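Asker: whatever this is, show me its structure:
(chains A, B and C)
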Amino acid sequence: MEKIEKNSPGSQILKGFLMATLFYEPSTRTRLSFESAMKRLGGEVLTTENAREFSSAAKGETLEDTIRTVEGYSDIIVMRHFESGAARRAAVTASIPVINAGDGPGQHPTQALLDVYTIEREIGKLDGIKVGLVGDLANGRTVRSLAYLLSKYQDVKIYFVSPEVVKMKDDIKDYLTSKGLDWEESDDLMEVASKCDVVYQTRIQRERFGERIDLYQEAQGKYIVDRAVLHAMQEHAVIMHPLPRLDEITVDVDVDKRAAYFRQAKNGLYIRMALLKLLLVGW
Amino acid sequence: MEKIEKNSPGSQILKGFLMATLFYEPSTRTRLSFESAMKRLGGEVLTTENAREFSSAAKGETLEDTIRTVEGYSDIIVMRHFESGAARRAAVTASIPVINAGDGPGQHPTQALLDVYTIEREIGKLDGIKVGLVGDLANGRTVRSLAYLLSKYQDVKIYFVSPEVVKMKDDIKDYLTSKGLDWEESDDLMEVASKCDVVYQTRIQRERFGERIDLYQEAQGKYIVDRAVLHAMQEHAVIMHPLPRLDEITVDVDVDKRAAYFRQAKNGLYIRMALLKLLLVGW
Amino acid sequence: MEKIEKNSPGSQILKGFLMATLFYEPSTRTRLSFESAMKRLGGEVLTTENAREFSSAAKGETLEDTIRTVEGYSDIIVMRHFESGAARRAAVTASIPVINAGDGPGQHPTQALLDVYTIEREIGKLDGIKVGLVGDLANGRTVRSLAYLLSKYQDVKIYFVSPEVVKMKDDIKDYLTSKGLDWEESDDLMEVASKCDVVYQTRIQRERFGERIDLYQEAQGKYIVDRAVLHAMQEHAVIMHPLPRLDEITVDVDVDKRAAYFRQAKNGLYIRMALLKLLLVGW
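Answerer: Next up is the predicted model:
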């Protein structure tokens, strides 16, 4: 996919195919990533930036009815929705493929795929790695999906480093334990950073704290990845982040080759190209 | 058009042509249908999802000036507007074709075309058919346009079935009478259903009732197409609906082969493909 | 570019290239002009109509981080921003070309290019011309950019005709003087019109007057280009306007061949086609 993307005048692999992006929550990063993927493969796109105000949904149409209409206009649907389980309902209804581009607090499977792919490319392996998951582990569907996916590999060790109010929830911990994956919680980012292959930082999501700005501010400043953390890290290790970042990674870290987050964002393009090809014309 | 749509890697009939969708009211269903039609024929699209907030219109630019600019950037304009007559004003101004995709309470001609096409495909003929128009006949431009178009055919009989507050207006009734089309009003949906080839249900539009929620609720529940109505219908008859539907057709009707409304929505694609081809490269 | 635009089935010069339009302020005219230019050359487009509500920007992501992500999905970025200097920041960050499509009260360089191109086409030369800049000279970045660009030519004379409250600022006047360009201020539109090759009218921007609607109204009605002004103008002279216009040019002027503003808007397409070709595949 990387070779195809670089190629001019562009691939024709998905020529004649039409993808509908049905975003009930705006997410320009994810939407542009999918649309770029489709176009890099020669396919076409129907865009809905804000399907929540989709006149039909606003008038009370069910998601199922919307899907039955949109599937008549396209070959594949990429859907972001604000409700957990919405993607599954759409997939059950549709006779064409539906890709879940995030369903509320539920899953964000293509993000987890690009994260695993980035680790593979950056570290060279997934079995036996040590991963520090840092920041908002309670609300971030990204880290939840990643922890889930890492349990498929051998001898992975996960360190959870998060402020008290946004600790990783028991469902994921129990799942990892049941799969035999080794995990522990720590409040020493420096020590974790020195041991890990991957430091996966995430943004504390202010919108989850409501009125409790004091709690947000306390959580927000607690674990910052800066040059001191970088200094503690091994030479081969990398820093990842699903983006957007505020100041939980300081800007002076960007220039270090171990700062992998913009390469990670780019990998999202390759993963989505591969997924679209797989679902539309096979392997 | 159906064969072209199924074809991979896609048609090139409208390759090099550019359609601008200028929607002053959001209507994702209609917009996606037109954009899909253009792309299925190999054409390209410039999208404006919300032209009402088009900076120039917001600053007080006339529709005529907007059209004079947009016609310089495209080969055909598809316009949805909130004012009756806006499409005609645009068409008079433009030197390129303008398709009316709905102008306020005025007309929605491509919907009427796809409705007539659906009846032809489902019933096999238009002359001599019996059609029940059900629901909001006062505000629905869809049924008004369809009644108008049905008057072009021979020996059509129309039954109007609607709550008192949203009855079909006299202008259409007078027009039908002047054309010699036979129509009557009825408040017995079951009996009408048993006689008709087409039961055309529509949504009661809550937004037209303002504060009078009591009137809305009374109107809304009055004529529901459910399995009992289905049971009364003839084997060859069909149920149509311009969509979106709320509960004026119950979901358990969907599985019956006489539920034609999603096929009807799909026919909108074919009709719009045909219209774009006709206007851009001829027949 | 004009020949290419007329050509069916369309050019393939930019086939395989992807342009991202990142508009932090809505401006459908400019956005559609760029997107049409890209598609007329066979290129593809990723659209963001309202990047200000770009979820990541709304969450506090820096412009630099956004650019680092979007540059991974496209080959060129066209950006409209509400802050002066934003385009420069984006260009410094990006490894792909960034076109400034207007940055707040700063610059609007592609508008200035199309203005100069229009004068060249309409009058046949730029050296030695007389230009009347009329209307809101304080707030209009268009006339500021045009005055700046005109100083590159020989023996140009500029007349500033504007209400007291929105006079041309000293920075531009001093710049023109330092370049040896001859300018003067006048309050006699009729006399200026009789002498000029180009009468460049602009809209008084109501949004700049805040509560002072009285000042706006006074300024707004002061210099109107109507048939009397047209009558005073020379036969070869033209009226230009960046659009949208309200009533600062009366509609009865439109039919005169010297009304060049819609041709000017169309030239924006050709200029942007040329610019995209230049930046993506060279000359």
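Asker: count of neighbours near A:Glu64?
Answerer: By other C-beta atoms under 10 Å in any protein chain shown, the residues close to A:Glu64 number 14. All C-beta atoms are positioned from the backbone trio N, CA, C, and that covers glycine.
Asker: you'd agree it is in a helix?
Answerer: Yes: counting by DSSP: H, G, I helix; E, B strand; the rest coil, A:Glu64 falls inside a helix.
Asker: so how far is A:Gly42 from it?
Answerer: 31 Å (C-beta to C-beta, to the nearest Å).
Asker: next: A:Ala94.
Answerer: The gap separating A:Ala94 from A:Gly42 is 23 Å, by C-beta to C-beta.
Asker: now swap in A:Leu114 and tell me
Answerer: 22 Å.
Asker: do A:Ala265 as well
Answerer: From A:Ala265 to A:Gly42 the distance is 23 Å (C-beta to C-beta).
Asker: stretch A:179-196: which residues count as buried?
Answerer: Judged by neighbour count using 16 or more other C-beta atoms under 10 Å in any protein chain shown, the buried positions of stretch A:179-196 are A:Leu181, A:Trp183, A:Leu189, A:Val192, A:Ala193, A:Ser194, A:Lys195, A:Cys196.
Asker: quick one, what contacts the first one?
Answerer: Contacts for A:Leu181 were tallied using C-beta atoms under 8 Å, 6 or more residues apart in numbering or on different chains; they are A:Leu150, A:Ser151, A:Val156, A:Lys157, A:Ile158.
Asker: returning to what we had before: restricted to strands, list the buried residues of stretch A:179-196.
Answerer: A:Trp183 (DSSP state E).
Asker: any buried residues in stretch A:156-168, and which?
Answerer: A:Val156, A:Lys157, A:Ile158, A:Tyr159, A:Phe160, A:Val161, A:Ser162, A:Pro163, A:Val165, A:Val166, A:Met168.
Asker: let me know the pLDDT of the fourth one.
Answerer: So that's A:Tyr159. You'll see A:Tyr159 listed with a pLDDT of 98.
Asker: and the stretch 101-250 of chain A, which of its residues are near chain B?
Answerer: Residues of the stretch 101-250 of chain A lying close to chain B by C-beta under 8 Å from any C-beta of the partner chain: none are found.
Asker: ok, which stretches of the stretch 101-250 of chain A are helices?
Answerer: A:109-123, A:141-150, A:170-178, A:189-195, A:213-220, A:227-232 (DSSP state H, counting those that start in this stretch).
Asker: pick the most deeply packed of those helices.
Answerer: helix A:141-150 (a mean of 23; mean count of other C-beta atoms under 10 Å in any protein chain shown).
Asker: could you give me the average pLDDT of that helix?
Answerer: 91.
Asker: equivalent analysis for stretch A:192-203, please.
Answerer: Stretch A:192-203 carries an average pLDDT of 97.
Asker: can it be found next to chain C?
Answerer: Yes: using C-beta under 8 Å from any C-beta, stretch A:192-203 reaches chain C at A:Arg203.
Asker: extract the C-alpha trace of that stretch and format it as CSV.
Answerer: Extracted in CSV, the C-alpha atoms of stretch A:192-203 (Å, rounded to 0.1, in the frame of the first residue of the first chain):
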residue,chain,number,x,y,z
VAL,A,192,8.0,2.3,33.0
ALA,A,193,9.5,4.3,30.2
SER,A,194,12.9,2.9,30.9
LYS,A,195,11.6,-0.7,30.6
CYS,A,196,9.1,-0.5,27.7
ASP,A,197,9.4,-0.9,23.9
VAL,A,198,6.4,1.3,23.4
VAL,A,199,5.2,4.2,25.5
TYR,A,200,1.6,4.8,24.4
GLN,A,201,0.5,8.2,25.6
THR,A,202,-3.2,9.4,25.5
ARG,A,203,-5.0,12.7,26.0
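Asker: for beta bridges, what are the partners of A:Ile76?
Answerer: A:Met19 (DSSP bridges).
Asker: I'd like the distance between it and A:Phe17.
Answerer: 7 Å.
Asker: and what of A:Thr30?
Answerer: For A:Thr30, the distance to A:Phe17 - C-beta to C-beta - is 19 Å.
Asker: and if you look at A:Pro109?
Answerer: 21 Å.
Asker: same question for A:Gly106.
Answerer: 27 Å.
Asker: what's near enough to touch A:Thr21?
Answerer: Taking C-beta under 8 Å, 6+ apart as the test, what A:Thr21 contacts is A:Arg31, A:Phe34, A:Glu35, A:Val45, A:Leu46, A:Thr47, A:Thr48, A:Ile77, A:Val78, A:Met79, A:Ala101.
Asker: tell me which two of those residues sit farthest apart.
Answerer: Longest distance between any two of these is 14.7 Å, between A:Leu46 and A:Ala101; criterion C-beta to C-beta.
Asker: quick one: contacts for the closest residue in space to A:His108 that isn't next to it in sequence?
Answerer: Leaving aside its sequence neighbours, A:His108 sits nearest to A:Gly102 (C-beta to C-beta, 6 or more residues apart in numbering or on different chains; 4.4 Å). Taking C-beta under 8 Å, 6+ apart as the criterion, A:Gly102 is in contact with A:Glu25, A:Ser27, A:Thr30, A:Arg80, A:His81, A:His108, A:Gln111, A:Arg141.
Asker: looking at these, which is nearest B:Gly85?
Answerer: Nearest member of the contacts of A:Gly102 to B:Gly85, counting by C-beta to C-beta, is A:Glu25, at 36.7 Å.
Asker: so that closest one touches A:Arg80, yeah?
Answerer: Yes: with contacts defined as C-beta atoms under 8 Å, A:Glu25 counts as touching A:Arg80 at a distance of 5.3 Å.
Asker: more neighbours: those two, which one.
Answerer: Per other C-beta under 10 Å, whichever of A:Glu25 and A:Arg80 has more neighbours is A:Arg80, with 25 against 17.
Asker: give the contact list for that one.
Answerer: Here A:Arg80 is in contact with A:Leu22, A:Phe23, A:Tyr24, A:Glu25, A:Ser27, A:Thr30, A:Arg31, A:Ala101, A:Gly102, A:Asp103 (C-beta under 8 Å, 6+ apart).
Asker: low-scoring stretches of chain A, by residue?
Answerer: Residues of chain A meeting the criterion pLDDT under 70: A:8, A:53-55.
Asker: spatially central residue in it, please.
Answerer: Nearest residue to the geometric centre of chain A (C-alpha atoms, centre = their mean): A:Gln111, 2.5 Å.
Asker: find the nearest non-adjacent residue to it, please.
Answerer: A:Thr142 (5.3 Å).
Asker: from chain C, how far out is A:Gly189?
Answerer: Wrong residue type there; residue A:189 is Leu, not Gly. As judged by C-beta to the nearest C-beta, to the nearest Å, A:Leu189 and chain C stand 22 Å apart.
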